[in-house]
Every structure is written in structure tokens, then in C-alpha cells.
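>>> make a model of this:
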Amino acid sequence: SDQMDFETTILSRFDMMFLVKDVRDPERDYMLCKHMVGLHSGEVTETRDGPIPVLELRKYLSFCRDRCDPRISAEAAEVLKNHYVTIRQAM
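Numbers count the residues shown, from 1 in each chain. Predicted coordinates for the structure are as follows:
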């Protein structure tokens, strides 16, 4: 609790607290951002097993795309990636 600036009343409500160290790495940040933008622009198509079966996840995503169609342009994706890396460098 010494590293966290929380009031005692808030801290007393939790049984455990974990610190997550956010290591700044411009190359990793860029690759992570590129992957996230790729997911939302339809560029990433790789499949992996996870907590939700791939088929069920595909059905859910298809349902979401039918309702809101989340797409961004290549120019907007590049602006987002560069802005994210700039924010991370300023931290």
C-alpha cells in the first residue's frame, strides 16, 4: 500500500492487490498497437484456442459486426499507432 496512493477506506475493501508494472518499450508498444488496430480493421485473421471456443467467438464477432461495423481507415490507424507510442514515450 506504500506504493499506491489510495485512502485506507478503499484499501480495506480488498483482500489482495497486485501491482502490474507497465514497462515502456517503444517497439513492443508499436507492435501491440499495430495488432489492436489490425484486429479492428479486419487485417488480423489468425486463430488461437482460448477461454472461448473459436467458433463461438466468430459467431459473436459476426453478430457485433452486423450491428456496428467497427472499421477505421489506414490513415486513422497510423495516427493512432504514432500517438500511442508518443504518449508512452512521454510517461
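
>>> contacts and neighbour counts: CA atoms only from here.
Noted.

>>> distance-wise, check the spatially most central residue of the chain relative to Glu43.
Geometric centre of the chain, nearest residue: Met36, 6.5 Å, by Cα atoms, centre = their mean. Per Cα to Cα, to the nearest Å, Met36 is found 10 Å from Glu43.

>>> before we move on, the earlier item: mean confidence for the helix or strand encompassing the residue nearest to the centre of the chain?
For Met36, the element it lies in under DSSP states H and E is helix 26-41. The predicted model assigns helix 26-41 a mean pLDDT of 85.

>>> check which residues of that helix are buried.
Buried residues in helix 26-41, counting neighbours by 16 or more other Cα atoms under 10 Å, are found at 29-30, 33-34, 37-38, 41.

>>> packing partners for it?
helix 74-90 (3 or more Cα pairs under 8 Å, 6 or more residues apart in numbering; DSSP states H and E).

>>> how many residues are close by Pro51?
6 (other Cα atoms under 10 Å).

>>> tell me the SS of it?
Following DSSP: H, G, I helix; E, B strand; the rest coil, Pro51 is assigned to coil.

>>> quick check: Pro70 vs Leu19, distance?
Distance of Pro70 to Leu19, given as Cα to Cα: 33 Å.

>>> out of these two, which sits in the busier spot?
Using other Cα under 10 Å as the criterion, Pro70 and Leu19 rank with Pro70 on top: 12 against 8.

>>> give me the below-cutoff pLDDT ranges for the protein.
The chain contains residues with pLDDT under 70 at 1-4, 42, 44-49.

>>> do that again at 90, thanks
By pLDDT under 90, the weakly predicted segments of the chain are 1-25, 31-74, 77, 84-91.

>>> backbone dihedrals for Arg58, please?
Phi and psi for Arg58, reported as degrees, to the nearest 10, are phi -60, psi -40.

>>> neighbours of it, how many?
Count around Arg58 with other Cα under 10 Å applied: 13.

>>> got it, and Asp69?
13.

>>> Gln89 now?
Applying other Cα under 10 Å, we find 12 residues neighbouring Gln89.

>>> no more questions from me, cheers.
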